[in-house]
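With the sequence up front, the predicted model follows.
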Amino acid sequence: MNKFNIVELIENNPLTKLSNIYQSKILTKIKNIFDNEEQQMFVASFYCYLNYNNTDFIVDFDNVWKWLGFNKKDKAKKLLELYFKPDIEYKVLLLHKGEQKGRGGHNKETILLTIKTFKSLCLKACTKKADQIHEYYLKLENILQEVLNEETNELRIQLQEKDKQIQNVETDKRIIKENTILEHFPNNVQCIYYGIIDNTNSENETLIKFGCSNFLSNRIERHKKTYSNFYLLNAFRVDNKVLVENSMKHHSLLSKLRRTIRINNISHNELLAINNLSFEKLDIIIKDIITNMEYNPENYKKLLTEYEALSKTNTNLLNEIANMKNHIQPNETEIKQLNIQLLLLSEENQKLKNENIKLLKQCKNIQGTNIDDNNVLNSLKRITKSSDGLYHIGQSTYIHCYGSREQVWNDIAYKTAGGLTKMDLIVNKSGKIVSKKKFISEKTNNHLNKFNQSRK
């Protein structure tokens, strides 16, 4: 069985012999704090750690009991037998029979300790040397704690620097993506866009700003001044930006995610809370809205075919009326009958004209709006500003009482200077906000003029 003299290792191996191999802060602190003997104990302990297992029986009891400060070996042996288990923490080996002496005296025995048992025996010896060893372990514990704290702080700083580097990389990626998107949207190109902001609400939700624009670069510059750390994430080309944006506001899922925050006493409501909605899912929703709301060739062809069929039917009915008029005899009874038929045909003709007008409205994306009695009552009331600086009309809140058509359409103002509310406005095919009544009147007059000209 291998064994070594741990006392000899302690007494003959100063710390400097180990420093060339194991350079670290802990060795520096040990040299500054430990005296020479304590340094040598550390070397021995470190040597044992590198070369032996704690359960190996390698420490010879005869080499350590005097060093521990005992006057007699028996006293040290009694302490060993009292606190430690034989064959587990120490072993007693007898010499082979050929090596034992004759009848007189005691046979020689060798006691081997594990490294752990040796260290524990040092602490239980209750000698001056034991006190020194106890002091050594207290100092070593403090040194290890200091080194651990220093290493922890250094690692924390390294992690913070790494996080900062990662954040800078993510910022660079966002800037590159934003510039790439803007290159594809020059001026006078209608688009729908959205971007992320650092501003949040009382629930501390992650918010994105969405909107529409013909001049995306200028709009993004303004958002960077209004919102904290705004970055453009995506944009989509459209033919009718206002119509698509309003469809987003009333979408079954997006409408539930709408949020409003105040920045510098100004309300901003074109915001969405991301929550569990990914950017990929948001892109799919916006693309679906654009597909459903924008010009669709197949639907247009279908409506055009129906319109042509109704026009042909209308022409045939007009020809029948004309033929019936030519064959009317100056008979009062026949004239009455023909008049009745003429009235019926005229009524049918009027129905067809109404259906034609509805088809024209569908072709031009005209959506009907029901008149709300509450809106009529609100229009008759004298509008005053509330104490919070806003106008509360019906279930809605406005920043201004009067404003442009675009402000009225976007729920910023209640009505225009001419008295038009949002229900009086409509978005035409070119994306312009116009008076609904005037728009329908012009379209109806144009259709009736064409109808009257076809009768001549």
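Looks like it came in fine.

name the helices or strands packed onto the strand or helix carrying Val59?
If you go by DSSP states H and E, Val59 is part of strand 57-60. If you count contacts as 3 or more C-beta pairs under 8 Å, 6 or more residues apart in numbering; DSSP states H and E, strand 57-60 packs onto strand 109-114, helix 115-124. Every residue, glycine included, has its C-beta placed from N, CA and C.

Can I get those in CSV including mean pLDDT, distance to Ile261 and mean neighbour count?
Shown next, in CSV, are the helices and strands packed on strand 57-60 (pLDDT from 0 to 100; distance: least, C-beta to C-beta, whole Å; neighbours: other C-beta atoms under 10 Å):
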stretch, mean pLDDT, distance to Ile261, mean neighbour count
strand 109-114, 87, 69, 19
helix 115-124, 84, 65, 19
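
Distance to Asn356 for these - can I get that in CSV?
CSV is the format used below for the helices and strands packed on strand 57-60 (distance: least, C-beta to C-beta, whole Å):
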stretch, distance to Asn356
strand 109-114, 105
helix 115-124, 102
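
So which of these is nearest Glu170?
helix 115-124 (51.0 Å; C-beta to C-beta).

C-terminal to that closest one, what's the next element?
That would be, after helix 115-124 and using DSSP H and E, helix 128-183.

Which elements pack onto that next one?
helix 25-33, helix 36-51, helix 115-124, helix 216-226, strand 231-237.

and the direction of whichever helix or strand comes after it versus that of helix 128-183, what angle?
Next helix or strand after helix 128-183 toward the C-terminus (DSSP H and E): strand 191-196. Put simply, strand 191-196 runs at 170 degrees to helix 128-183, going by axes from the mean of the first three to the mean of the last three C-alpha atoms, to 10 degrees.

Run a quick neighbour tally on the closest residue to Phe439 other than its chain neighbours.
Spatial nearest neighbour of Phe439, chain neighbours left out: Ile426 (5.8 Å); criterion: C-beta to C-beta, 6 or more residues apart in numbering. Number of residues near Ile426 (other C-beta atoms under 10 Å) recorded here: 24.

I'd guess Ile426 is in a helix, am I close?
No. Judged by DSSP: H, G, I helix; E, B strand; the rest coil, Ile426 forms no part of a helix; its state is strand.

So it sits against Lys438, correct?
No. Between Ile426 and Lys438 there is no contact under C-beta atoms under 8 Å: 9.6 Å.

so what pLDDT did the residue nearest to Phe439 get?
For Ile426, the pLDDT comes out at 86.

Contacts only, for Leu352.
For Leu352, the contacting residues are Leu310, Thr313, Asn314, Leu317, by C-beta atoms under 8 Å, 6 or more residues apart in numbering.

Swap in 7 Å and give it another go.
Leu310, Thr313, Asn314 (C-beta atoms under 7 Å, 6 or more residues apart in numbering).

before we move on, the earlier item: nearest approach to Met248 belongs to which of the helices and strands packed on strand 57-60?
Met248 lies closest, by C-beta to C-beta, to one member of these: helix 115-124, at 71.7 Å.

who's in contact with the closest one?
Here helix 115-124 makes contact (C-beta under 7 Å, 6+ apart) with 6, 48, 52, 54, 58-59, 64, 68, 79-80, 83-84, 89-90, 113, 130, 133-134.

Write the PyMOL selection for whichever of those are buried.
To isolate the buried subset of the contacts of helix 115-124 in PyMOL, counting by 16 or more other C-beta atoms under 10 Å, use the following:
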select buried, resi 6+48+52+58+59+64+68+79+80+84+89+90+113+130+133
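
Could you verify my assumption that the residue nearest to Phe439 touches Lys432?
No. Counting by C-beta atoms under 7 Å, Ile426 stays clear of Lys432, with 9.7 Å between them.

just the strands in the stretch 301-450 of the chain please.
391-393, 396-398, 400-402, 413-415, 425-427, 433-435 (DSSP state E, counting those that start in this stretch).

Chain neighbours aside, what residue packs nearest to Tyr194?
Using C-beta to C-beta, 6+ apart, the closest residue to Tyr194 is Phe210 (4.0 Å).

so which helix or strand takes in that neighbour?
Short version, using DSSP H and E: Phe210 is in strand 207-213.

Report the helix or strand with the lowest average pLDDT across the protein.
helix 16-19 (a mean of 45; mean pLDDT, DSSP states H and E).

Give the buried residues for the helix or strand just after the strand holding Val59.
Remark: after strand 57-60, the chain's next helix or strand is helix 73-83, criterion DSSP H and E. Neighbour counts over helix 73-83 (16+ other C-beta under 10 Å) mark Ala76, Lys77, Leu79, Leu80 as buried.

same thing with stretch 340-357?
Leu342, Asn349, Leu352, Lys353, Asn356.

Ok, stretch 216-229 next?
In stretch 216-229, counting by 16+ other C-beta under 10 Å, buried: Leu216, Arg219, Ile220, His223, Lys224, Tyr227.

How about stretch 199-209?
Counting neighbours by 16+ other C-beta under 10 Å, stretch 199-209 gives Asn199, Leu207, Ile208, Lys209 as buried.

tell me which of the residues you listed is nearest to Pro186?
Among these, and counting by C-beta to C-beta, the member closest to Pro186 is Lys209, at 21.4 Å.

quick one on the thing from earlier: quick one: neighbours of the residue nearest to Tyr194, just the number.
Phe210 has 20 neighbours, counted by other C-beta under 10 Å.

That one contacts Asn269, doesn't it?
No. Using C-beta under 7 Å, Phe210 is not in contact with Asn269; the gap is 10.7 Å.

Point out where the stretch 351-456 of the chain drops to low pLDDT.
Applying pLDDT under 70 to the stretch 351-456 of the chain picks out residues 359, 362-382, 444-456.

cool, the stretch 1-150 of the chain as well?
1-52, 95-107.

if we can go back for a sec, would you mind writing the ChimeraX command to select the buried ones in the contacts of Leu352?
Selection of buried members from the contacts of Leu352 for ChimeraX, criterion 16+ other C-beta under 10 Å:
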select :314
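
Roughly how far does Lys164 sit from Glu154?
16 Å (C-beta to C-beta, to the nearest Å).

Trp65 too?
Counting by C-beta to C-beta, the gap from Trp65 to Glu154 is 44 Å.

For those two, indicate the residue with more neighbours.
Trp65 (23 against 11).
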